[in-house]
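Engineer: Here is the input, now give the coordinates:
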Amino acid sequence: MQNPFGSKTVLASKSSTGERGLHDSWCPDISADGRFVVFVSAAGNLAPDDTNFSDDLFLRDQLNRTTTRINVTSDGQQSSDGVGLRRCPSVSGHGRYVVYVSRATDLDPADSDTRPDVYLYDRVLQTTRVVTATRGPVRRSGGTRRGSLPTVITSSL
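Structural biologist: Okay, the predicted model is just below:
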């Protein structure tokens with residue numbers, strides 16, 4: 001990605017210690033100011049204690065050079081299942097909120113089925129909550145990324 005804090009291209013899919021991801025990463029979305037990059041990755045070395053052997057969702061803070069796993073419970077535990085493989089995440093304009101799809105049943109006590117659901121992660125409060133249960137294909141209005149989430153987060157959030 002082009003680094004808004006400098007003139008060189010930088011790698012976003014790396015750990016907080018600077019270690020490159022050992023597997024593929026995809027579906028990036030960038031906050032309006034370019035500081036935050038959210039992406040899906042099969043790499044198990046981007047966050048400590050990543051042992052669920054699933055594709056996970058990460059948020060890279062380009063300014064502080066940190067990488068955080070996003071698809072976690074509100075008490076920081078990893079999910080039992082990864083993010084939806086056909087849905088790309090979306091980050092708010094200032095990077096506080098991330099929406100994504102997951103089949104996990106342990107991200108929010110309000111969700112107990114195995115259907116893919118839409119979740120909202122609040123980076124500041126470090127909380128995850130189910131937003132809605134999906135009932136068929138998730139469609140993006142006016143978007144260009146096939147299989148992406150609806151544009152529910154705007155730069156004003």
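Engineer: from here on, contacts and neighbour counts on C-alpha atoms
Structural biologist: Will do.
Engineer: Apart from its chain neighbours, what residue comes closest to residue 12?
Structural biologist: Among residues not flanking residue 12 along the chain, residue 60 sits closest, at 6.2 Å (CA to CA, 6 or more residues apart in numbering).
Engineer: hey, what's the one you found bridged with?
Structural biologist: Beta-bridge pairing for residue 60 (DSSP bridges): residue 37, residue 67.
Engineer: That one contacts residue 68, doesn't it?
Structural biologist: Yes - Residue 60 is in contact with residue 68 according to CA atoms under 8 Å; the separation is 6.5 Å.
Engineer: The two: which has the busier surroundings?
Structural biologist: Neighbours were counted for residue 60 and for residue 68 using other CA atoms under 10 Å; residue 60 has more, 24 against 18.
Engineer: Give me the local confidence score for the more buried one.
Structural biologist: Reported pLDDT at residue 60 in the predicted model: 97.
Engineer: Now do the buried residues in the worst-scoring helix or strand of the chain on mean pLDDT.
Structural biologist: Least confident helix or strand of the chain, by mean pLDDT, DSSP states H and E, is strand 127-133 with a mean of 85. Counting neighbours by 16 or more other CA atoms under 10 Å, one finds that the buried residues in strand 127-133 are 127-131.
Engineer: Distance to residue 87 for these - can I get that in a markdown table?
Structural biologist: Shown next, in a markdown table, are those (distance: CA to CA, whole Å):
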| residue | distance to residue 87 |
| --- | --- |
| 127 | 21 |
| 128 | 18 |
| 129 | 17 |
| 130 | 16 |
| 131 | 15 |
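Engineer: can you tell me which of those lies nearest to residue 25?
Structural biologist: residue 128 (22.0 Å; CA to CA).
Engineer: Show me what the closest one is bridged to.
Structural biologist: Residue 128 has the following beta-bridge partners by DSSP bridges: residue 121.
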